[in-house]
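Visitor: compute the structure for the input listed below.
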Amino acid sequence: MGVDWERWRTRRRSSHSWGHRVRRQPENTRDMPRSYVPLPLIAIVLILVLAGCSAPLPWPDSPLHDLPATDPNWRPPESLQEAMEAIQGRYAHYDVVSYEEETEQTTLRTMVVSYGYTEFRIVDGKLYEIDTFCRAEQKLNQKGVTSLFRDAAVQAIEPRETEVELTFRDGQWHIYRPPTPTLLGINGDPALPLPMDPNDPNLTDPDDDGHPGVTVELDIGGFMKAELYITRREIYEYYLTLNSDGNLYGRVVDSSEQFVVGATMRTLRQQSNPDQIGDPGMNPIMLIRVDDSLDTCEELAAVRDDLFPATPDFQ
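Guide: Down below sits the predicted model:
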């Protein structure tokens, strides 16, 4: 059963509008709003079913990026308190998550690249992490196929504070950010599995475009365009290490869920939930320390090339 679009638009007109500002972090982490983790909107690869005539491109070499090694002469913080003090602060965020799915037509491979900010704060003797994201883009392994996920949908999601775990082993401090399930495009209990009803009354419109869920724009060869509407239950974990340069490097683990609410083309109205590939080198995360004054998406975009490596792509 498809989406009842008229019912959706009628219901939406009676609801409030969503904002799209990047908000400064609340001073008290205990009062922080609910959050969002990096957006891997994988459902867009369904369009590749229509482009099966082209051979799928192979993965680029692993690792995607050579993460800096720590200085062997550097002396890391000696205590947990010193480690928290060394880590606290503001960072520019960059991560890549890689997915693969086998279909009857082809092998679908996707790299999702996310940009934003991550902040660490010490509250009551504990270290908390807060993510704010600016942009999520996708790289596909099919020639001539592109997708666009609107920045407004990412920037409308408010961050959530998460207590992280610190451990010292092998001469380095390791930071673990546990999973915090977060719903996108639908209201409900994020601790429960993602609802799978295209007419669910709890559907929302985070990108404020009049369609339920999050809209992904699709383009094939410049002659065929379509839109896909999806919801997601974002579930991420970060494994990070404090480096001698003051930055944090590591890997992302993703176990998110997604549901295709509808699409402008009947062919796209099918479910897809690709698995993350297990190679840590294909799922890197870099948190680069920045000044507190750097806090807008426009400012981050202006210095992106100074902070992060070139975006990986299929060749």
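
Visitor: so how far is residue 98 from the closest residue to residue 312 other than its chain neighbours?
Guide: In this structure, residue 312 finds its nearest non-sequential neighbour in residue 64, 4.5 Å apart by CB to CB, 6 or more residues apart in numbering. For the C-beta atoms, the positions are set from N, CA and C on the backbone; glycine is no exception. According to CB to CB, to the nearest Å, residue 64 stands 8 Å off from residue 98.

Visitor: those two: which has the busier surroundings?
Guide: Neighbour totals were compared for residue 64 and residue 98, and residue 98 leads with 26 against 22 (other CB atoms under 10 Å).

Visitor: what helix or strand is the more buried one on?
Guide: Per DSSP states H and E, residue 98 falls inside strand 89-102.

Visitor: which helices and strands does that strand pack with?
Guide: strand 107-123, strand 248-254, strand 275-276, strand 284-289 (3 or more CB pairs under 8 Å, 6 or more residues apart in numbering; DSSP states H and E).

Visitor: name every strand pairing with that strand and say which way it goes.
Guide: In the sheet containing strand 89-102, its partner strands are strand 107-123 (antiparallel), strand 275-276 (antiparallel), strand 284-289 (antiparallel), by DSSP bridges.

Visitor: what does the second one contact?
Guide: Same thing as strand 275-276. Applying CB atoms under 8 Å, 6 or more residues apart in numbering, the contact partners of strand 275-276 are 97-101, 253-255, 283.

Visitor: can you list the buried residues in the strand holding residue 98?
Guide: 89-101 (16 or more other CB atoms under 10 Å).

Visitor: please apply the same query to stretch 296-315.
Guide: Quick answer for stretch 296-315 (16+ other CB under 10 Å): 297, 300, 307-308, 312, 314.

Visitor: can you check stretch 209-219 too?
Guide: Buried residues in stretch 209-219 (16+ other CB under 10 Å): 211-218.

Visitor: could you check how far that stretch is from the centre of its chain?
Guide: Computed by CA atoms, centre = their mean, to the nearest Å, the chain-centroid distance of stretch 209-219 equals 17 Å.

Visitor: quick one, strands of the stretch 101-250 of the chain?
Guide: Taking DSSP state E, counting those that start in this stretch as the criterion, the stretch 101-250 of the chain carries its strands at 107-123, 126-140, 145-149, 161-163, 165-169, 172-177, 182-184, 214-220, 224-234, 236-242, 248-254.

Visitor: which one, of those, ends up nearest to residue 271?
Guide: strand 224-234 (9.9 Å; CB to CB).

Visitor: residue ranges with poor pLDDT in the protein?
Guide: Within the chain, the segments meeting pLDDT under 70 span 1-54, 156-159.

Visitor: let me know the outermost residue of it.
Guide: Using CA atoms, centre = their mean, the residue of the chain lying farthest from its centre is residue 73. It sits 34.9 Å away.

Visitor: contacts only, for it.
Guide: Counting by CB under 8 Å, 6+ apart, residue 73 touches no other residue.

Visitor: quick one: it from residue 65, how far?
Guide: According to CB to CB, residue 73 stands 24 Å off from residue 65.

Visitor: cool, residue 255 as well?
Guide: For residue 255, the distance to residue 65 (CB to CB) stands at 23 Å.

Visitor: much appreciated, bye for now.
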